[in-house]
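My questions are about this predicted structure, shown below with the sequence.
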Amino acid sequence: MNNTDTTAKPKNKKRKILIILLIAFIVIAALLTAIYIRVNPTWRAAKLTIEQSDIDYHVQNVDPDGATVSTRIAPPEGYTRISVDKGSFGEYLRNYPVLPDGVKLPVYDGSTMSPYDAAAIFDISLGDEGYQQCADSIIRLYSDYFYENKQYDKISFQFSNGDECSYERWRDGHRMLVLGGFSMEIPAALSDDSEQQYRNYLKEVMNYAGTISLQNESKVIPVSELKIGDFICNDSHVVMIVDIAENDKGEKCYLIGQSFIPAVCFHIVINRAENETSAWFTQKQLEQDSFEVGVYTFNKSNIRRWKDGF
């Protein structure tokens, strides 16, 4: 009896060790799987609804047949669009396709909203989870411009915690592990330069960047220095200068674009100041201590340029 007991104890001990090792393996495998899924987001396009509005807002200088920003919205009388370089971000935005005139604002969840503040709506895709909001839509346009021009080294954005997320490193298989306000880069995938992986990268950036990170990556500029691609940003909202026109006196006016919550297609904001219904905001308006773009209020210290600008 004693010999049998002595032999059984090592066997039981080995069995316990094997069970512990198996449990540990399962826990580690589950943890690694969870981390892999967490750091490898998948972008999916939302199914947008294009629906004609039954309200006509009579926006000035709008050609319903125009299929791009520049052909849809003409400058005000006496103004001419400023010159832009071929291949520039300004030319990119001017040639951006727009949805048919008079449609409602498409929302990421398939619903629509009244186009009350929209003079023209960009024909732009949205992710199906509603993360392409105000700052995200501007990041998307910046990034898409660089991507389409193969300037991959310029596709890099800060998260709100200040950490950098680079597309080139993402494409090489590096990912960002985010836990609360902490993030770190880890190797977690194979190299992949597909467009799907680029969209996956943008989804990650949009999830962790915002108005705060755009402010951290930009500097305040005077109204007189505004260029296409600059933006107006406070802690809760951001809009972008999409186009600029100028008259013989050197006075300028601006097309301003935005998205917001819930995520809707980026669109040109209608200027309703002084009971006018124009797509253009004047330099005089933006020089005021406080001014409104749509339903949002800004001041001169909110006028900013991202990195070195465009």
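In hand now; what should we look at? Numbering: from 1, shown residues only.

mind showing which ranges of the protein have poor pLDDT?
Regions of the chain meeting the criterion pLDDT under 70 cover residues 1-8, 27, 29-39, 274-275.

Name the next helix or strand downstream of the biggest strand by length in it, please.
The longest strand of the chain (DSSP state E) is strand 238-247. Remark: after strand 238-247, the chain's next helix or strand is strand 252-258, criterion DSSP states H and E.

Residues contacting that following strand, please?
69, 73, 75-76, 79, 82, 122, 134, 137, 226, 232, 237-246, 266-269, 279-283, 286, 293-294 (CB atoms under 8 Å, 6 or more residues apart in numbering). Bear in mind the C-beta positions are built from the backbone N, C-alpha and C, glycine included.

Can you tell me which of those are buried?
69, 73, 75, 79, 122, 134, 137, 226, 232, 237-246, 266-269, 279-283, 286, 293-294 (16 or more other CB atoms under 10 Å).

Tell me which other helices or strands the longest strand of the chain touches.
helix 69-72, strand 79-81, helix 89-94, helix 134-148, strand 231-233, strand 252-258 (3 or more CB pairs under 8 Å, 6 or more residues apart in numbering; DSSP states H and E).

Neighbouring strands of the last one in the sheet, and parallel or not?
It refers to strand 252-258. strand 238-247 (antiparallel), strand 267-269 (antiparallel), strand 280-282 (antiparallel) (DSSP bridges).

want to throw those into a markdown table with distance to Y254?
Below are the strands paired with strand 252-258 laid out as a markdown table (distance: least, CB to CB, whole Å):
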| stretch | distance to Y254 |
| --- | --- |
| strand 238-247 | 5 |
| strand 267-269 | 10 |
| strand 280-282 | 5 |
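
quick one: which of those strands is nearest Y198?
strand 238-247 (20.9 Å; CB to CB).

orientation of that closest one relative to helix 134-148 in degrees?
70 degrees (axes from the mean of the first three to the mean of the last three CA atoms, to 10 degrees).

Tell me how far strand 238-247 lies from the chain's centre.
18 Å (CA atoms, centre = their mean, to the nearest Å).

do the same with stretch 110-121
The answer for stretch 110-121 is 18 Å, by CA atoms, centre = their mean.

between the strands paired with strand 252-258, which one is nearest to N40?
strand 238-247 (28.0 Å).

how about stretch 167-183: buried residues?
Using 16+ other CB under 10 Å as the test for burial, stretch 167-183 gives 167, 169-171, 174-176, 178, 183.

what does it rub up against?
Residues contacting stretch 167-183 (CB under 8 Å, 6+ apart): 35, 38-40, 143, 147, 152-153, 155-156, 159, 161, 163, 165-166, 184-193, 197-198, 201, 204, 208.

From S191, how far out is the residue nearest in space to the middle of the chain?
The chain has D136 as the residue nearest its centroid, 2.1 Å off, counting by CA atoms, centre = their mean. In this view, D136 and S191 are 26 Å apart by CB to CB, to the nearest Å.

same check, this time on F159
Taking CB to CB, one finds F159 at 23 Å from S191.

For the two, work out which one has more neighbours and name it.
Remark: of F159 and S191, F159 carries more neighbours, 21 against 10, as counted by other CB atoms under 10 Å.

Please name whichever of the helices and strands packed on strand 238-247 is nearest to L48.
That would be helix 134-148 among the helices and strands packed on strand 238-247, by CB to CB, at 14.0 Å.

Quick one: list the elements packing against the very next helix or strand once past that closest one.
Scanning forward in sequence from helix 134-148 by DSSP H and E, the next helix or strand is strand 156-158. If contacts are counted by 3+ CB pairs under 8 Å, 6+ apart, strand 156-158 sits against strand 164-166, helix 211-216.
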